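Colleague: Requesting a structural model of the entry that follows:
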Amino acid sequence: MKTLYLMRHGETLFNQQKKIQGWCDSPLTEKGKQQATIARDYFISNNIQFDQAFSSTSERACDTLELVTDSDYKQLKGLKEWNFGSMEAEHEYLNPPLPYGDFFVAYGGEEEQAFKKRVSDTLLKLMQESTGETILAVSHGASCRQFMRNWAHTSTVDQKSRIGNCCILKFTFEQDSFELVEIVNHDFSALD
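Modeller: Take a look at the predicted model:
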């Protein structure tokens, strides 16, 4: 059995400004950097050491990973956020109500099922090919949510929990199957 820690990046400038952020990127805020440090401390205090680490190719995910661990890591395009097409960097009030479905296709973005398949296939291949037993992957909010949904049938953890910045999703992986066993949303109220 292997363990996957799938983590969302820290707060970014666009998160702060309430802008849609998929394939476009913005830097971590100071708060986002502090969030990553708190996540790092969580892993240290729980004696969790990573055999391998992976990140989305987006700068915000790489920067978060580099604050969480000193491990070498590999960037994977398959871990990138949903492509929102021409809605990228627009204000979040333009988002439709959830679930988004294929709303963004009309704007040159990704189909929901294609996006879910991309992230799920990437993480499956990553875990199949990994040589270690404890893996860290830093990705994005919608990416984490779609992966959770893909494996909801194997998991008993409440899927409705929010996925805040630097949220950690702990999955076990055995016989090509994932099971969500824990969701860790840190208390960042002291940072506000």
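
Colleague: how about the residue lying farthest from the centre of the chain, secondary structure?
Modeller: Centroid-distance maximum for the chain: Ala106 at 24.7 Å, with C-alpha atoms, centre = their mean. Of the three states, Ala106 takes helix under DSSP: H, G, I helix; E, B strand; the rest coil.

Colleague: go on, the one 10 residues further on?
Modeller: Using three-state DSSP, the secondary structure recorded for Lys116 is helix.

Colleague: Kindly report the same for Ile183.
Modeller: Three-state assignment for Ile183 (three-state DSSP): strand.

Colleague: ok, back up a step: give the contact list for the residue farthest from the centre of the chain.
Modeller: For Ala106, the contact set (C-beta atoms under 8 Å, 6 or more residues apart in numbering) comprises Gly85. Quick note: C-beta positions are derived from backbone N, CA and C, even for glycine.

Colleague: If we use 7 Å, what do you get?
Modeller: Contacts for Ala106 (C-beta atoms under 7 Å, 6 or more residues apart in numbering) come out as none.

Colleague: How much space separates it from Lys74?
Modeller: The spacing between Ala106 and Lys74, counted by C-beta to C-beta, to the nearest Å, is 34 Å.

Colleague: just Phe171 next, same as before
Modeller: As defined by C-beta to C-beta, Phe171 lies at a distance of 19 Å from Lys74.

Colleague: try Lys18
Modeller: According to C-beta to C-beta, Lys18 stands 32 Å off from Lys74.

Colleague: what do you get for Asp51?
Modeller: 13 Å.

Colleague: Which of these two has more residues huddled nearby?
Modeller: Asp51 (14 against 11; other C-beta atoms under 10 Å).

Colleague: can you give me the helices for this structure?
Modeller: Ranges of helices in the chain, per DSSP state H, are 13-16, 30-45, 59-68, 112-129, 141-150.

Colleague: out of the ones you listed, deepest packed?
Modeller: Counting by mean count of other C-beta atoms under 10 Å, helix 59-68 has the highest mean neighbour count of these, with a mean of 23.

Colleague: where does this structure have low pLDDT?
Modeller: For the chain, no stretch is flagged by pLDDT under 70.
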